[in-house]
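Student: Test case, fold it:
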Amino acid sequence: MGITKQAIERAEGLKIIPERLDVLDNQLQHFVDQGQRQAIIFKAVKKGITIFEGSYGINTKDYGLKSDTIFNVCSITKPIVATLILCLQEDGIVDVTEPVCKYLPEFTGGGKENICVWHFLTHSSGLDDAEIWADADEYVKNELGIEPLNNEASHEEFEVFANKVAEKMGIDRSLRGRLNDLEYLISLKSNMKRKPRSNMVYCNYGYQRLANIIEAASGESLDEYATRKLFKPLGMKDTAWRLPEEKWHKIIGRIDTAVSADWFNCTDNFLSESGSGGIKSTVDDMIRFGEMVLNEGKLGDVRILSKPSIRQMFTNHNEGVPCAEGEEFARWSLGWNLHGNKKDNDGILRSRTCVDHTGYGGTKIFVDPEHDLTMACFAAETVHFEKPEFININGRLANLVMAAMDE
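Tutor: Alright, predicted model coming up:
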């Protein structure tokens with residue numbers, strides 16, 4: 001559909017340049033035509049009005065491409081997790097300034113007791129995913145006498161390996177819960193290499209632990225707590241960690257040559273409870289979530305968070321924290337990437353106060369209060385981001401939309 005009828009009729013009041021949104025429409029189709037993406041679903045809402053909505057490319061399933069086609073949003077899970085942590089804080093159950101070990105008592109040793117909840121929210125804990133798993137390999141090899149697997153191992157090979165390790169450690173993998181989570185228990189053997197706030201490194205591991213905190217503090221599963229506090233109140237009817245089987249037909253089917261197609265198309269993905277990347281959702285649902293954040297914690301008559309909590313999502317909590325790409329790139333709020341003055345590839349034209357998050361495999365959301373604008377782009381990538389021919393469309397699309405702002 002592209003630019004909407006409302007956008008054309010109300011262009012002056014919305015302060016948009018309609019012909020610029022036609023450029024966006026053409027470019028989205030171009031990214032599909034040139035083989036960069038199998039499919040793209042894009043939606044932009046300004047001042048509560050949908051100004052652009054379009055679907056491009058193909059779905060291997062009969063359901064087709066619609067605004068309620070379901071994607072694994074991968075790391076866009078993180079702003080959801082951050083929101084749930086803040087819900088717990090507003091209810092007096094969690095305080096983000098307290099140590100993680102207050103909620104996960106086993107999370108101690110080697111300096112881990114100095115990590116607070118907010119350090120994980122802002123990727124400033126001092127932990128590094130690569131270092132954690134390198135230490136895990138060393139432990140498995142040196143302490144358990146089992147040769148670690150490489151990244152090319154098959155699922156079957158991993159299961160054999162994991163069962164051997166679990167037997168040595170006395171872990172029952174058939175039981176759920178973090179204290180039967182093999183990878184988590186091995187990770188506890190790792191020592192801190194640096195103190196919290198000594199650097200900013202994007203860390204999936206921290207969000208896995210935040211998910212553990214949500215379950216431990218609430219006494220509910222991720223889906224139970226999130227549905228009660230967030231998904232149901234906002235009308236996010238197609239969002240879940242463990243997606244019900246009756247909705248699997250709505251999950252986008254990826255072509256064999258799409259990035260990580262085997263994973264995205266498998267049942268393990270549909271049921272993943274990863275705190276760093278397990279949410280399944282739709283463009284429609286994520287726009288509702290983004291609009292809640294944009295509207296200071298409220299959507300319609302429903303309030304999810306207070307204004308003070310939402311302000312923390314637009315505040316740089318890493319001021320003075322070093323980052324390998326430069327201090328400006330350390331800018332991070334609670335759960336979100338905060339633009340500021342970054343010369344990054346997420347759209348240099350977005351406002352300084354814009355927050356956003358990317359998901360592996362092709363998903364992206366933006367919340368820009370300066371322009372009263374929310375955007376969601378769900379795509380299925382066909383070129384891996386590490387390949388030289390890969391085009392990062394997220395920044396281009398943000399710039400295209402910002403170029404349509406007449407204010």
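Student: give me the element residue 81 is part of.
Tutor: According to DSSP states H and E, residue 81 maps onto helix 77-90.
Student: what sits up against the next helix or strand after that helix?
Tutor: Toward the C-terminal end, the helix or strand that comes next after helix 77-90 (DSSP H and E) is helix 117-121. With contacts defined as CB atoms under 8 Å, 6 or more residues apart in numbering, helix 117-121 is touched by 82, 85, 94-100, 103, 125-126, 196-197, 203, 206-207, 209-210, 213, 317, 334-335. The C-beta positions use only the backbone N, C-alpha and C, and glycine is treated the same way.
Student: Which strands and helices lie in contact with the helix holding residue 81?
Tutor: Under the contact criterion of 3 or more CB pairs under 8 Å, 6 or more residues apart in numbering; DSSP states H and E, helix 77-90 touches helix 117-121, helix 204-218, helix 222-226, helix 283-294, helix 307-312, strand 355-359.
Student: closest to residue 155 out of those?
Tutor: Minimum separation from residue 155 across the helices and strands packed on helix 77-90 (CB to CB) falls at helix 204-218, 19.9 Å.
Student: average pLDDT across that closest one?
Tutor: Helix 204-218 carries an average pLDDT of 98.
Student: May I see the buried residues of that helix?
Tutor: For helix 204-218, burial by neighbour count (16 or more other CB atoms under 10 Å) applies to 204-215, 217-218.
Student: Format the helices and strands packed on helix 77-90 as a markdown table; extra columns: distance to residue 366.
Tutor: What follows is those, written out as a markdown table (distance: least, CB to CB, whole Å):
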| stretch | distance to residue 366 |
| --- | --- |
| helix 117-121 | 19 |
| helix 204-218 | 20 |
| helix 222-226 | 22 |
| helix 283-294 | 8 |
| helix 307-312 | 16 |
| strand 355-359 | 4 |
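Student: nearest to residue 60, of these?
Tutor: The nearest among these, by CB to CB, is helix 283-294 at 18.5 Å.
Student: what's the closest one packed up against?
Tutor: Against helix 283-294 (3+ CB pairs under 8 Å, 6+ apart) you get strand 37-46, helix 77-90, helix 232-234, strand 298-299, strand 363-368, strand 373-381.
Student: swap the cut-off to 7 Å and go again
Tutor: If contacts are counted by 3 or more CB pairs under 7 Å, 6 or more residues apart in numbering; DSSP states H and E, helix 283-294 sits against strand 37-46, helix 232-234, strand 298-299, strand 363-368, strand 373-381.
Student: circling back: could you provide the buried residues of helix 204-218 in a markdown table, with additional columns for distance to residue 31?
Tutor: Converted to a markdown table, these look like this (distance: CB to CB, whole Å):
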| residue | distance to residue 31 |
| --- | --- |
| 204 | 27 |
| 205 | 32 |
| 206 | 32 |
| 207 | 29 |
| 208 | 32 |
| 209 | 36 |
| 210 | 33 |
| 211 | 33 |
| 212 | 38 |
| 213 | 38 |
| 214 | 36 |
| 215 | 39 |
| 217 | 42 |
| 218 | 41 |
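Student: Domain ranges for the chain, per the record?
Tutor: 2-82+215-402, 94-201 (automatic domain parsing).
Student: Ranking those by mean neighbour count, which comes first?
Tutor: Of all the domains of the chain, domain 2-82+215-402 carries the top mean neighbour count, a mean of 19, counting by mean count of other CB atoms under 10 Å.
Student: Can you get me the start-to-end distance on that domain?
Tutor: 16 Å (CA to CA, to the nearest Å).
Student: and if you look at stretch 308-327?
Tutor: End-to-end distance for stretch 308-327: 26 Å, by CA to CA.
Student: what does stretch 89-96 give?
Tutor: 7 Å.
Student: cool, stretch 196-204 as well?
Tutor: Start-to-end span of stretch 196-204 (CA to CA) is 16 Å.
Student: Check stretch 85-94 too.
Tutor: 7 Å.
Student: List the contacts of it.
Tutor: Among residues not part of stretch 85-94, those counted as contacts by CB atoms under 7 Å, 6 or more residues apart in numbering are 95-96, 103, 117, 121, 210, 213-214, 217-218, 229, 305-306, 309, 334.
Student: List the buried residues of it.
Tutor: Using 16+ other CB under 10 Å as the test for burial, stretch 85-94 gives 85-90, 94.
Student: Reformat the helices and strands packed on helix 283-294 as TSV; add mean pLDDT and distance to residue 389.
Tutor: As requested, the helices and strands packed on helix 283-294 are arranged in TSV below (pLDDT from 0 to 100; distance: least, CB to CB, whole Å):
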stretch	mean pLDDT	distance to residue 389
strand 37-46	98	13
helix 232-234	98	38
strand 298-299	98	40
strand 363-368	98	20
strand 373-381	98	12
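Student: Just tell me which of these ends up closest to residue 192.
Tutor: The nearest among the helices and strands packed on helix 283-294, by CB to CB, is strand 363-368 at 31.8 Å.
Student: Now do that closest one against helix 77-90: the angle between them, please.
Tutor: 50 degrees (axes from the mean of the first three to the mean of the last three CA atoms, to 10 degrees).
Student: Strand 363-368 packs against which elements?
Tutor: With contacts defined as 3+ CB pairs under 7 Å, 6+ apart, the packing partners of strand 363-368 are helix 283-294, strand 355-359, strand 373-381.
Student: Other residues contacting that strand?
Tutor: Defining contact as CB under 7 Å, 6+ apart, one finds that strand 363-368 is touched by 71, 73-74, 76, 286, 290, 293-294, 350-351, 354-358, 374-379, 394, 398.
Student: partners of it in the sheet?
Tutor: Using DSSP bridges, strand 363-368 pairs in its sheet with strand 355-359 (antiparallel), strand 373-381 (antiparallel).
Student: Let me know the angle separating that strand from strand 37-46.
Tutor: Per the same axes, to 10 degrees, the angle that strand 363-368 makes with strand 37-46 is 20 degrees.
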